Structure formats: structure tokens, C-alpha cells
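Peer 1: Okay, sequence plus prediction incoming.
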Amino acid sequence: MSKDDIRPAAEADGEAGRGAAVVVGGGLAGITAALSLADAGLRVTLLEGRPRLGGLAFSFKRGELTVDNGQHVYLRCCNAYRWFLDRVDGAALAPLQERLDVPVLDADRRRLGRLRRTALPVPLHLAASLATYPHLSLAERAAVGRAALALKGLDPADPKLDGQDFGSWLAARGQSPRAVEALWDLVGVATLNAVAGDSSLGLAAMVFKTGLLSRPGAGDIGWARVPLGDLHDTLARKALDSAGVRTELRTRVTSISRTQNGGWKVQVPGEDIEAQTVVLAVPQHETHDLLPDGALDEPDRLLDIDTAPILNIHVVYDRKVLKRPFFAAIGSPVQWVFDRTDASGLAEGQYLALSQSAARDEIDAPVAALRERYLPELERLLPAAHGAEVRDFFVTRERTATFAPTPGVGRLRPGARTKAPGLYLAGAWTATGWPATMESAVRSGISAAGAALSALDRPRDHLFDFEEAA
């Protein structure tokens, strides 16, 4: 990057940094913050250290395939992420199910069950599905119904819930290990990236209340029918360009400091950028390293927000072995399997992607060991895989995919505002009330932009309204 590539953002005003904003980080939080600030008339520079946008939801090329680093889904209740898709003109590329329908295969009993909803009011919308769910006994189904009603009565924002673990709460309400595996963890592991015993009751209550117990269609599932890079990089970059945002890739910020006139100086190799507003939209450990003294009362708390990995296993067969777009499994190490054939551009055969959350025990396992474990499991779950040729088998690992939703994490998550005027925080790990999801990332970017615009006395009418969308 030459000195001409980035100039002090204040040159158009004649006063250093006035009316200018710098967003550090080009994931969903940073992109959202940059778009929201630019839509309010600020001159925005977005700085991203990687050669692409999208953060931890991206794509890459592997031969003829375009591969997502991991399978990402969202729910109809993810109103902020749906706003993001609309904002980048990508909603049609990541459609939602008409109605929640999750095929669940029991590997041991070789039986298929389905979690489906009807159009009836909550909680009756799931009653028929639960009543016929074959993976639980009649007594277990009744106990699940009672626990769901008790969960509906909890307030996820209650600080007391943050310190409790979800697994103990379920056990105290008569949930058997089978019910936890076949229902609660089936949903919870995928959304929280932790089993019930390792999850904050507050976050778990938020997930189940919002996704399954708020309105009938809240849990309908959506996912990208194109590579994630088409949405979070290509279309996002186009939206940023149209909004007038200056986007610099391969540009790592080394420090942030105050200027003499009360603004901010953002230092990148070979250049200083001055701005009135800075949004740090990077992971918690990187945020900690960049924070100026006094910005947070206890900055070391950020280092106490642990991370959790997700393992993704990719298998290319010479023929079609799965008829459904996706399924979940129980009684098997396999968790969720998605057909990514069309999205990847594969011309022949079928490409399946396995999403393995809460994968701390396997995240560093050799590819050969994972192949030896998971290919027989796919054959056990999918009879059509018997005799099929495996043309490719590879693994992607996100060791710090999410923050760990452990009991007590809520008190560690900071809000968008800092004690340093003009400096704001964004990221799925901040205090959005949501677990580490695409929805949480987008919400954090909107919150950071909203806080900045309030301080600048700029219009906020264009911002996504959380309360109106609830």
C-alpha cells in the first residue's frame, strides 16, 4: 500500500478527522457498522487485514469447488441478519424454509424423525411434531413439553441465569440424557457451540425462547444457496462501494491513539489515518491489544471470554447419496450434514459438508483419523453411500469460531460504548444478548453505529430498529 492509497480522512473538511469514521475489521460486524455510518453521511474507511471480507463466514477455492469454511444457517427470527441480506441485495440467494422442517436420523435405531411446525399459535405449533417424535418415549415427550413451558417463563436478561448452566436446569426438570441428546443439544449445540452442561442458562433460554417459543415461524431455517463469499464479500463490497465506503484489504491496524484535537489516529503500516469516530470490530483478544488506556474499566475481562472451535468435514462422492438438502443425526458423532453440491459448483457427484460444533476434542485430530471415523458413520446413516467412491475428503478448522457461551460469560461481554469518546466496539462477542451467530455480529455493528451517530447528533432513522422487528 502506497502513501497515496490512504490519506487522512479529514482532507475534505479541512479539520482533521471531522465527519470521518474508521471501522477496523471487515467481518459482518464491521461491514454493518461501515454501511450504517456511511448511510448517515459519514465518510467511512473500512480496514481489513485479510485479503477478503466476511470474517469467519467466507469461501475459498479448492480445485473446481468453491468451498465455505463452514456451514452457516440463520433463522427467520434473525431479523438483523435478514436486514443485512436485504441491504447487500442477497436475500434471494439465502432463502428460508416455508416452514421449519428438520429431518433427524437416529443412527443406532435406523429411524427417521422430523421436527416440524404447523401454523398454529405458540406453543401448539410444535405440539404435533413433539407428539410423534419417535426418538423420545411418551414420558420423555411429556417432560419436554413441561420444560419448554418453564423455559418460556424465563427472562434471558436476568443476570442470575447467566451464572447457571443449562444442563443442570434441564436435569432438575426431569430431562433424561436421551431427551438432552435428541432434542435440547440437537438445537443447542448448533446454535450455542456447546453442550447443555457447558452453556449459560441465560443464552440457552434466549435461543429457545426466541427461536422456538416466540412466534410460529421464528425457527424456520435459511441458508445460502451460493458460496458465502458471494454474500459476505462480493455483494458486501459492492454495497460498501455504492455507499461511498473506502475499503482497504490486507491492511492491518497496529495502534489506535488520541490526537491533540481530541480525534483518533489509526496507524497502519506506512500511514496514519485520522478520524472522529473509530469502531473496533475485531475479535476480543485483538480488541484488547488495540484498546487505549482507560477505554474500559477492566479491559483484561476481554481475555477471559474464551473461544470455542467448530470442525467442518467435507466429503465429495462420485454419486448422489443424500436426497434431502440437510439432516441432523443422533446416536452418531455426526451432527449436521448439508448438501453443498450446487452451491459449490460441482458438476458431477455430490458434495456433503458436515458441521461439527463443540468440537474441542477433535479440532486438532489428523485428517486420516477423521476420515477413518466419519466415512463409516456416513455409510451407517446413508445406505446409498455404501460402495460410493470418495473423490475428495478434506477438513476446515475454525479454532476460535465463536466465543464460548459458558456460565458467567454475560458479565464479561462489553457494550458498544467505551469510556473513550468516539471509540466503539462491535463483534458477535459483545453484549448483544445473542450467542455468537451471524445475527449477533450484525446486531453489534448496528449498535456501534447507533451509539456513534447519537454522540455525533446524526440522524439514526435509517438504522435497523430492534424493537420494531421483535
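Peer 2: Arrived safely.

Peer 1: For residue 37, list the residues it contacts.
Peer 2: Residue 37 makes contacts with 21, 23, 44, 277, 279, 449, 452, 453, as judged by C-beta atoms under 8 Å, 6 or more residues apart in numbering. From N, CA and C alone the C-beta is placed, and that goes for glycine too.

Peer 1: How is the third one classified with respect to secondary structure?
Peer 2: Right, the one you point to is residue 44. Applying DSSP: H, G, I helix; E, B strand; the rest coil to residue 44 yields a three-state assignment of strand.

Peer 1: on that earlier part again, can you tell me which two in the contacts of residue 37 are farthest apart?
Peer 2: Within these, 23 and 453 form the most distant pair, 13.3 Å apart (C-beta to C-beta).

Peer 1: Settle it for me: which of those two has more neighbours?
Peer 2: residue 23 (37 against 22; other C-beta atoms under 10 Å).

Peer 1: Walk me through which strands the helix or strand hosting that one pairs with, and which way each runs.
Peer 2: Residue 23 belongs to strand 20-24 when assigned by DSSP states H and E. Strands that pair with strand 20-24, judged by DSSP bridges, come out as strand 43-47 (parallel), strand 277-280 (parallel).

Peer 1: mind listing the strands for the stretch 201-350 of the chain?
Peer 2: Secondary structure of the stretch 201-350 of the chain (DSSP state E, counting those that start in this stretch): strands at 221-223, 246-248, 255-258, 264-268, 271-275, 277-280, 307-317, 326-330, 336-339, 350-357.

Peer 1: Ranking the ones you listed by mean neighbour count, which comes first?
Peer 2: Ranked by mean neighbour count, these are led by strand 277-280 with a mean of 30 (mean count of other C-beta atoms under 10 Å).

Peer 1: where's it relative to the chain centroid, distance-wise?
Peer 2: Distance of strand 277-280 from its chain centroid, counting by C-alpha atoms, centre = their mean, to the nearest Å, is 21 Å.

Peer 1: Then stretch 257-266?
Peer 2: With C-alpha atoms, centre = their mean as the basis, the mean position of stretch 257-266 lies at 33 Å from the chain mean.

Peer 1: and the contacts of residue 37 as CSV, adding distance to residue 222 and pLDDT?
Peer 2: Converted to CSV, those look like this (distance: C-beta to C-beta, whole Å; pLDDT from 0 to 100):
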residue, distance to residue 222, pLDDT
21, 31, 98
23, 26, 98
44, 28, 98
277, 32, 98
279, 27, 98
449, 24, 98
452, 30, 98
453, 29, 97
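
Peer 1: JSON lines for those residues, including distance to residue 332?
Peer 2: Converted to JSON lines, those look like this (distance: C-beta to C-beta, whole Å):
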{"residue": "21", "distance to residue 332": "48"}
{"residue": "23", "distance to residue 332": "42"}
{"residue": "44", "distance to residue 332": "47"}
{"residue": "277", "distance to residue 332": "49"}
{"residue": "279", "distance to residue 332": "42"}
{"residue": "449", "distance to residue 332": "43"}
{"residue": "452", "distance to residue 332": "47"}
{"residue": "453", "distance to residue 332": "49"}
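
Peer 1: Return the member of the residues you listed nearest to residue 221.
Peer 2: Among the contacts of residue 37, residue 449 lies closest to residue 221 (C-beta to C-beta), at 28.0 Å.

Peer 1: so the residue lying closest to the closest one once chain neighbours are set aside is in which element?
Peer 2: Among residues not flanking residue 449 along the chain, residue 36 sits closest, at 3.5 Å (C-beta to C-beta, 6 or more residues apart in numbering). Using DSSP H and E, residue 36 sits in helix 28-39.
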